[in-house]
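**Q** mind looking at a prediction? Sequence and model below.
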Amino acid sequence: MKYNTFIKKCFHYGDILAVPFFGLMVFYFYNIEHKSILEYILLLFSILGFIADVLFTYIFLSYGI
């Protein structure tokens, strides 16, 4: 039972650690000049990942799920 709780908390801490890296990815792809289609797609996914991780972190820290 304690192992399950440990694993669930590790996922949440991983989301918290991923937020700055998604932010760096957004910054990197945003500053590329003459983007290709692939770079626009990667920018979109990095923005979505950043928003999702911020939401997951907010839910974890405010509600303690």
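**A** Noted; the coordinates are in hand.
**Q** now do the helices in the chain.
**A** Secondary structure of the chain (DSSP state H): helices at 2-30, 37-63.
**Q** let me have these in a markdown table, adding mean pLDDT and mean neighbour count as columns.
**A** Quick note: C-beta positions are derived from backbone N, CA and C, even for glycine. Listed next are those as a markdown table, based on pLDDT from 0 to 100; neighbours: other Cβ atoms under 10 Å:
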| stretch | mean pLDDT | mean neighbour count |
| --- | --- | --- |
| helix 2-30 | 85 | 13 |
| helix 37-63 | 93 | 14 |
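**Q** where's stretch 54-65 relative to the chain centroid, distance-wise?
**A** Averaging C-alpha positions (Cα atoms, centre = their mean, to the nearest Å) puts stretch 54-65 13 Å from its chain's average.
**Q** what does stretch 19-39 give?
**A** Distance, centroid of stretch 19-39 to centroid of chain: 14 Å (Cα atoms, centre = their mean).
**Q** start to end distance for that stretch?
**A** End-to-end distance for stretch 19-39: 20 Å, by Cα to Cα, to the nearest Å.
**Q** residues in contact with the closest residue to Val54 other than its chain neighbours?
**A** Distances taken as Cβ to Cβ, 6 or more residues apart in numbering place Val19 nearest to Val54, at 6.1 Å, with adjacent residues excluded. Going by Cβ atoms under 8 Å, 6 or more residues apart in numbering, Val19 touches Phe50, Asp53, Val54, Thr57.
**Q** residues contacting the closest residue to the last one other than its chain neighbours?
**A** Counting by Cβ to Cβ, 6+ apart, Thr57 lies nearest to Ile16, which is 5.1 Å off, once chain neighbours are set aside. Contacts here follow Cβ under 8 Å, 6+ apart; on that basis Ile16 touches Asp53, Thr57, Phe60.
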